[in-house]
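A.B. asks: How does the following fold in three dimensions:
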Amino acid sequence: MADLSQRLFGVDFQSPVLLASGTCGYGEEYADLIPLERIGGLVTKAVSLEPRPGNPPHRVAETPGGMINAIGLQNVGLDRFRSEKLPWLSENLHDARVLINVVGHSVDDFGAVVSGLDGEEGFLGFEINVSCPNVADGTMFGTDKRALSDLVTRLRSLTERPLVVKLTPNVPDIDAYARICEEAGADGLSAINTFPGMLIDVERRRPVLGNVSGGVSGPAILPMGVFLTWRAAAAVSIPVIGIGGIRSGDDALQYILAGASLVQIGTALFVDPAAPVQVQEDIEGYLRRHGVERLSDLVGALSLPENLPERG
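C.D. replies: Numbering: from 1, shown residues only. Reported below is the predicted structural model:
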């Protein structure tokens, strides 16, 4: 048997495959669809200090290469998550690792959620969402170097649990933002969030989404996700989790060869809820075919052309 496990953040992940935030609810929603205990883990739907109603409809639409969404981070808020959602995770997921996605309007909001959950059981750490493109305040931290540094520094002082920062693709130098997170105390990075976009109903001459714009995900963003993961992973020594357009083992392996230690699957869940298990099996099959004993041997094992020009 090929070894799919990865040791990160002081614990073992039995598989590199995680479910992406915003696509798997709080875990319970998928419990009857896929064997959650067989995959590496999941990242919960966002949790904010206060409940959020989300954006007006329509919130989701298909695109030629995936989908666009503007959910607006609808969620139950800190108190209900702690009392209603976290107990289920604690009772039902033991081998699968759980990260809680955290959002906020301000540094204090982020801090209150992290502090409010830090003493609870049932999860490994936090994924800090600084990059949601379909809410008014969603990109401020992810595109402002000082604000990003201040946020991560503050959260680092509030918890010893792993802090994983979810980066936005909408910056010219993701390398610099990755290094800022590492220097401020982040334990890992998620790369990347969705790309901003919009669809127009030409018959009605109106935006398709009630929020006008939203986040584009799915197969269309795979090449950009792989590229930005490669850039981020090359810039830091902390682990990177690759996200964007993954539907198959080959897709996931592109991220891993580019430097990702783990991957997250999101939009593919809406097409086939069993996609994460199939991706995991595809990766294992690749390792067997190529005589690779440990998945960790492939992380960042991309073979580049000689005399490659320096990136500008």
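A.B. asks: and stretch 285-295, C-alpha only, in CSV?
C.D. replies: In CSV, the C-alpha atoms belonging to stretch 285-295 read as follows (Å, rounded to 0.1, in the frame of the first residue of the first chain):
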residue,chain,number,x,y,z
GLY,A,285,-3.0,4.4,-8.0
TYR,A,286,-0.5,6.9,-9.3
LEU,A,287,1.9,6.1,-6.5
ARG,A,288,1.6,2.4,-7.1
ARG,A,289,2.1,2.7,-10.9
HIS,A,290,5.2,4.9,-10.5
GLY,A,291,6.7,3.0,-7.6
VAL,A,292,6.5,5.9,-5.1
GLU,A,293,6.2,4.7,-1.6
ARG,A,294,5.3,7.9,0.2
LEU,A,295,3.2,10.8,-1.1
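A.B. asks: For that stretch, buried residues please.
C.D. replies: By neighbour count with 16 or more other C-beta atoms under 10 Å, stretch 285-295 contains the buried residues 286-287, 292, 295. All C-beta atoms are positioned from the backbone trio N, CA, C, and that covers glycine.
A.B. asks: And the next helix or strand past the worst-scoring helix or strand of the chain on mean pLDDT?
C.D. replies: For the chain, counting by mean pLDDT, DSSP states H and E, helix 140-143 ranks last in confidence among helices and strands (a mean of 88). Under the assignment DSSP states H and E, the closest C-terminal helix or strand after helix 140-143 is helix 145-156.
A.B. asks: Mind checking the pLDDT average for that following helix?
C.D. replies: Helix 145-156 shows a mean pLDDT of 96.
A.B. asks: what does it rub up against?
C.D. replies: 107, 110-111, 114, 126, 128, 130, 140-142, 163, 165, 176-177, 180-181, 183-186 (C-beta atoms under 8 Å, 6 or more residues apart in numbering).
A.B. asks: hmm, try it at 6 Å
C.D. replies: Residues outside helix 145-156 that contact it (C-beta atoms under 6 Å, 6 or more residues apart in numbering): 107, 111, 114, 141, 163, 180-181, 184-186.
A.B. asks: what's the answer for stretch 215-226, then?
C.D. replies: Outside stretch 215-226, the residues that touch it by C-beta under 6 Å, 6+ apart are 65-69, 133-134, 192, 194-195, 197, 244-245, 254-255, 258, 267.
A.B. asks: Buried ones from these, can you make that a ChimeraX selection?
C.D. replies: Provided next is the ChimeraX selection string for whichever of the contacts of stretch 215-226 are buried by 16+ other C-beta under 10 Å:
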select :66,67,68,69,133,134,192,194,195,197,244,245,254,255,258,267
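A.B. asks: Looking at the contacts of stretch 215-226, which are in helices?
C.D. replies: If you go by DSSP state H, these have 254-255, 258 in helices.
A.B. asks: between the residues you listed, which is nearest L33?
C.D. replies: Nearest to L33 among these, counting by C-beta to C-beta, is Y255 at 23.6 Å.
A.B. asks: how near is F126 to R161?
C.D. replies: Relative to R161, F126 is positioned 6 Å away (criterion: C-beta to C-beta, to the nearest Å).
A.B. asks: okay, those two: which has more neighbours?
C.D. replies: Taking other C-beta atoms under 10 Å, F126 and R161 do not tie; F126 has more neighbours (27 against 18).
A.B. asks: pretty sure that one is in a helix, no?
C.D. replies: No. With DSSP: H, G, I helix; E, B strand; the rest coil as the criterion, F126 is strand rather than part of a helix.
A.B. asks: Show me which of the buried residues of stretch 285-295 is closest to R80.
C.D. replies: Using C-beta to C-beta, those come closest to R80 at L295, 36.9 Å.
A.B. asks: Enumerate every residue touching that closest one.
C.D. replies: L295 makes contact with L4, according to C-beta under 6 Å, 6+ apart.
A.B. asks: which one is D109 nearest to, not counting chain neighbours?
C.D. replies: L49 (4.8 Å; C-beta to C-beta, 6 or more residues apart in numbering).
A.B. asks: Many thanks, I have nothing further to ask.
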